[in-house]
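Return atomic coordinates for the entry below.
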Amino acid sequence: MWQRVSEQVLAGPSLAEIEAAREAVAQVAKVTPLESATFLGEIVGSAVYLKCENLQRTGSYKIRGAYNRLSRLTDAEKSRGVVAASAGNHAQGVAYAARELGIRATIFMPIGVALPKLQATKRYGAEVVLEGAIVDETLRAAARFAEETGAVLIPPFDHTDVVAGQGTLGLELLEQLPDVDTVIVPIGGGGLISGVASALKQRARIEGRDIRIVGVQAAGAAPYPVSLAEGRPVEIVITPTIADGIAVSRPGVLNFDIIRHAVDDVVTVSDDETAQAMLLLLERAKLVVEPAGAVGVAALLSGRITGELGTTAIILSGGNIDPLMLDRVISHGLATSERYLKLRIPLPDRPGQLAHTAQLVASANANVVEVLHTRHGTGLQISEVELELHIETRGPEHADEVIRTLRDAGYAPRVDF
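This is a model prediction of the structure:
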């Protein structure tokens, strides 16, 4: 069981360094909105707010740390150019910052990177090199490029200037919500939460109070719970996750030191929970949030965060998502919320069965959106066909009503996930 180490000796940037970073970052970053989320507050019984970094320039908080790091380079370093490796948000943040500061940027991205992220990075003026099937291979390629050319490698999270830049988000949040009690933050390598925690804990100490900081990782890419339990950064094997923006196999060294001192809890959420959170944000808050940016809401909805919350802020860290991925996530979120029901029903191969089944679904006030009728399903008798129905429902109770209506009529529907 991990317990937070006292933050009396807090690693990382000082409050003065974060405040100085804010002056630099203000040249490019917007003050993003803080939106009240009544629909979440009703669930947890306390006031909940959403810090909308999905509406930030480049679509995520990454511009803050990238710009602060690049702005602090010497003239000699700037003349050598910069290089970074990323599958998305860090790439765009570095490319945008480099353009604004007149620095040549080379960005290495994985070969299978989503097209919108690739195009956005190019539009910001960076030279993009596609190399590596996974991000770790891309990182190694960027490091080789830095050694060979002298370009300055810009790390995504493990650097004091990057952490200080991300910490500006904490100062901004505290000005918008001075009485905040709990802040929920996504964690990948730890750049965002270490910056936010550094800023908030230092300010809270001056004010003589405490602010609870909770980090959230995707269950398939969660090195922090293991590392914190071991007391050192531990590398894990990542399993596939929709939250690719926080899929990091090993904590940053600096970030780990800050987090073990200043973060109170770290929890994990599943992809199903993240998909449901994204769907809820889209429907109720009218916000498009990428999977990595929605894990904080997922943690709140799933009950992973226990204890008294008080006034709570959740950081929505980014909104860069491929429309094709968004379509799949919405469908999956509907399915896991039992609002999109997929049924397989064996039927006698005689006229009128399809119409009768559709009438039964309609009588339960559900809507059939797709139908597949086949004679080739596994286990079917020669005199049977299989009907696959995709049905919109209003939730679990309504889905049960649809299934019960079909069974009462003598059919044997099977739910297909």
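
in the chain, which residue is closest to the centre?
Nearest residue to the geometric centre of the chain (C-alpha atoms, centre = their mean): Ala292, 0.9 Å.

what about that residue, which helix or strand?
Assigned by DSSP states H and E, Ala292 falls within helix 291-301.

Run the angle between the helix or strand following that helix and helix 291-301 for me.
Using DSSP H and E, the helix or strand that follows helix 291-301 in sequence is strand 312-316. Orientation check (axes from the mean of the first three to the mean of the last three C-alpha atoms, to 10 degrees): strand 312-316 against helix 291-301 gives 160 degrees.

mean confidence score for strand 312-316?
For strand 312-316, mean pLDDT is 98.

who touches the very next helix or strand once past that strand?
Using DSSP H and E, the helix or strand that follows strand 312-316 in sequence is helix 323-336. The contact list for helix 323-336 (C-beta atoms under 8 Å, 6 or more residues apart in numbering) reads 114, 116, 242, 271-272, 275-276, 278-279, 282, 288, 291, 321, 340-342, 392, 417. Placement of C-beta: from N, CA and C, glycine included.

Let's see that with 6 Å instead.
Here helix 323-336 makes contact (C-beta atoms under 6 Å, 6 or more residues apart in numbering) with 272, 275-276, 278-279, 340.

By neighbours, which of those wins?
Within these, neighbour counts (other C-beta atoms under 10 Å) peak at Met278, which reaches 27 neighbours.

and the helix holding Ala292, what's its mean pLDDT?
96.

got it, and stretch 206-224?
Computed over stretch 206-224, the average pLDDT equals 95.

which one of the contacts of helix 323-336 sits closest to Ala142?
Met278 (29.9 Å; C-beta to C-beta).

so the closest one is in which element?
Per DSSP H and E, Met278 falls inside helix 271-280.

what do you get for Ile193?
Using DSSP H and E, Ile193 falls in helix 191-207.

mind showing which ranges of the stretch 301-417 of the chain have poor pLDDT?
Applying pLDDT under 70 to the stretch 301-417 of the chain flags residues 375-383, 417.

what do you get if the cut-off is 80, keeping everything else the same?
331-340, 349-350, 369, 373-384, 395, 416-417 (pLDDT under 80).

tell me which residues of stretch 210-225 are tucked away?
Buried residues in stretch 210-225, counting neighbours by 16 or more other C-beta atoms under 10 Å, are found at 211-225.

rewinding a little: contact partners of the helix holding Ile193?
For helix 191-207, using C-beta under 6 Å, 6+ apart, the contacting residues are 7, 12-13, 15, 18, 61, 65, 157, 162-163, 166-167, 169-171, 174, 185, 187, 210-211, 213, 215, 255, 258-259, 262-263.

how far off helix 291-301 does it point, in degrees?
For helix 191-207 against helix 291-301, the angle between stretch directions is 50 degrees (the same axes, to 10 degrees).

Output helix 191-207 as PDB, nothing but the C-alphas.
What follows is helix 191-207, C-alpha atoms only, in PDB (Å, rounded to 0.1, in the frame of the first residue of the first chain):
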ATOM      1  CA  GLY A 191       4.500  15.800 -16.600                       C
ATOM      2  CA  LEU A 192       1.000  17.400 -16.100                       C
ATOM      3  CA  ILE A 193       0.200  16.100 -12.600                       C
ATOM      4  CA  SER A 194       3.700  16.800 -11.300                       C
ATOM      5  CA  GLY A 195       3.500  20.400 -12.500                       C
ATOM      6  CA  VAL A 196      -0.100  20.900 -11.200                       C
ATOM      7  CA  ALA A 197       0.700  19.200  -7.900                       C
ATOM      8  CA  SER A 198       3.900  21.300  -7.500                       C
ATOM      9  CA  ALA A 199       2.000  24.500  -8.000                       C
ATOM     10  CA  LEU A 200      -1.100  23.700  -5.900                       C
ATOM     11  CA  LYS A 201       0.800  22.100  -2.900                       C
ATOM     12  CA  GLN A 202       3.200  25.000  -2.600                       C
ATOM     13  CA  ARG A 203       0.300  27.600  -2.800                       C
ATOM     14  CA  ALA A 204      -1.800  25.600  -0.400                       C
ATOM     15  CA  ARG A 205       1.100  25.400   2.100                       C
ATOM     16  CA  ILE A 206       1.400  29.200   2.000                       C
ATOM     17  CA  GLU A 207      -2.400  29.500   2.700                       C
END
